[in-house]
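Asks: kindly generate the corresponding structure for this input.
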Amino acid sequence: MQFDIRRLDIYRKIPKDLTQPTYTGASISICSVLFIVYLFLAELHDFLSLKIKSELIVDDPVSHASRIPVSIDISLPHLHCDFIGLDIQDDLGRHEVGFVGNTEKYPLNDGAGCHFKGDFLINKVHGNFHISTHSSRKKPEKPNMFHTINKVSFGDANEHFSNKLIGSFNPLGNVSQLEPEAKAELTHDYFIKIVPAVYTDLNEKQTYPYQYTYAHRSNIHYGHNRQVSPAIWFKYDITPISVKYTEEKEPLYSFLTSVCAIVGGSFTVAGILDSLFFTAYEVFRKAEIGKLS
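Replies: Just a heads-up that it's a prediction; the model follows:
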């Protein structure tokens, strides 16, 4: 006897003339299809989207690097470029007055002001860097530290991470201190808490976008001979907690599993609802004609 492979069919077909279409069934079917399409598109969008997982670790993600890159961009509209310098200090004994490596100055307001930019390295210990007139041989009569900070960033932080991650990579950006003229000689202190981070992309490439928070204080600072010596100080400290970011993509099998669950579950629920509505309708119709027993 020849074996008929059709015996293995678990999806036996019922002739159409043995089935009964209903308006309720059609409505439920249309709603089910629309619901499935919506869930499928949502799942597809989630599958194609890049996910970034974050976790906290007590570790230094850049233990191989002894220093942290810093980038600063600040405008001082009432202080000539000849008077401005960058000083760097830390707890390891570093004390550089008038740091000139990778620094640029551009005149503002017909030379009355200055746009200062600098890139440098700091040790991974408590310290500070500050914009001041300390390195200038000739001091201004009335130093004015009105300023607008365009950028202060640490590590590899840039717009790429700012757009992809929720975090504080440049919170000092666009911060202005423009006090009344009577307080033009104020010293400004920014207390910065730096949080190290490591970002690993899908290609296992690692970058290190440091985040930070800050607090501000202004006061009158007196230098030698009780002369007013204003400056803009950035006093930083590094936390032992690091944030680890990892790019992830949903695997294909997970996406297919979700799609099957959406389609199968929706059709099953729709079938149950259709059966309930059809049974209720039949009971109601029999009750109307008095055949309900």
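
Asks: which residue ranges make up the domains of this structure?
Replies: As assigned by automatic domain parsing, the chain contains the domains 23-50+249-283, 59-248.

Asks: could you take those domains and lay them out as CSV, with extra columns for mean pLDDT and mean neighbour count?
Replies: From N, CA and C alone the C-beta is placed, and that goes for glycine too. As requested, the domains of the chain are exported to CSV (pLDDT from 0 to 100; neighbours: other C-beta atoms under 10 Å):
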stretch, mean pLDDT, mean neighbour count
domain 23-50+249-283, 86, 13
domain 59-248, 85, 16
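
Asks: out of those domains, which comes closest to residue 4?
Replies: domain 23-50+249-283 (28.0 Å; C-beta to C-beta).

Asks: can you give me the end-to-end span of that closest one?
Replies: End-to-end span of domain 23-50+249-283 (C-alpha to C-alpha, to the nearest Å): 17 Å.

Asks: now stretch 116-135
Replies: Start-to-end, stretch 116-135 (C-alpha to C-alpha) is 15 Å.

Asks: before we move on, back to that, turn the domains of the chain into TSV, columns for distance to residue 14.
Replies: TSV is the format used below for the domains of the chain (distance: least, C-beta to C-beta, whole Å):
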stretch	distance to residue 14
domain 23-50+249-283	14
domain 59-248	45
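
Asks: and of the ones you listed, who's closest to residue 7?
Replies: Nearest of the domains of the chain (C-beta to C-beta): domain 23-50+249-283, 24.2 Å.

Asks: what's the spacing between the closest one and its chain's center?
Replies: 34 Å (C-alpha atoms, centre = their mean, to the nearest Å).

Asks: equivalent analysis for stretch 116-133, please.
Replies: Using C-alpha atoms, centre = their mean, the offset of stretch 116-133 from its chain centre is 25 Å.

Asks: likewise for stretch 190-209?
Replies: Worked out by C-alpha atoms, centre = their mean, stretch 190-209 lies 11 Å from the chain centre.

Asks: start to end distance for it?
Replies: 20 Å.

Asks: quick one: the strands in the stretch 151-293 of the chain, in order.
Replies: 175-177, 187-195, 197-200, 206-207, 209-219, 231-238, 241-248 (DSSP state E, counting those that start in this stretch).

Asks: okay if I get those strands as TSV plus distance to residue 23?
Replies: Output for the strands of the stretch 151-293 of the chain, formatted as TSV (distance: least, C-beta to C-beta, whole Å):
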stretch	distance to residue 23
strand 175-177	65
strand 187-195	62
strand 197-200	56
strand 206-207	60
strand 209-219	59
strand 231-238	70
strand 241-248	46
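
Asks: ok, which of the ones you listed comes nearest residue 10?
Replies: Short answer: strand 241-248, nearest of the strands of the stretch 151-293 of the chain by C-beta to C-beta, at 37.1 Å.

Asks: please identify the pairing partners of that closest one and their relative orientation?
Replies: strand 51-58 (antiparallel), strand 197-200 (parallel) (DSSP bridges).

Asks: how much does that strand deviate in direction from strand 209-219?
Replies: 140 degrees (axes from the mean of the first three to the mean of the last three C-alpha atoms, to 10 degrees).

Asks: next, the angle strand 187-195 makes with strand 241-248.
Replies: 60 degrees.

Asks: of all the strands of the stretch 151-293 of the chain, which lies closest to residue 44?
Replies: strand 241-248 (16.9 Å).

Asks: please name every helix or strand in contact with the host helix or strand of residue 28.
Replies: Using DSSP states H and E, residue 28 falls within helix 23-48. Where contact means 3 or more C-beta pairs under 8 Å, 6 or more residues apart in numbering; DSSP states H and E, helix 23-48 is packed against helix 252-288.

Asks: centre of the chain to the helix it packs on, how far?
Replies: On C-alpha atoms, centre = their mean, the centre of helix 252-288 falls 42 Å from the chain's centre.

Asks: and it, what does it pack against?
Replies: Using 3+ C-beta pairs under 8 Å, 6+ apart: helix 252-288 touches helix 23-48.
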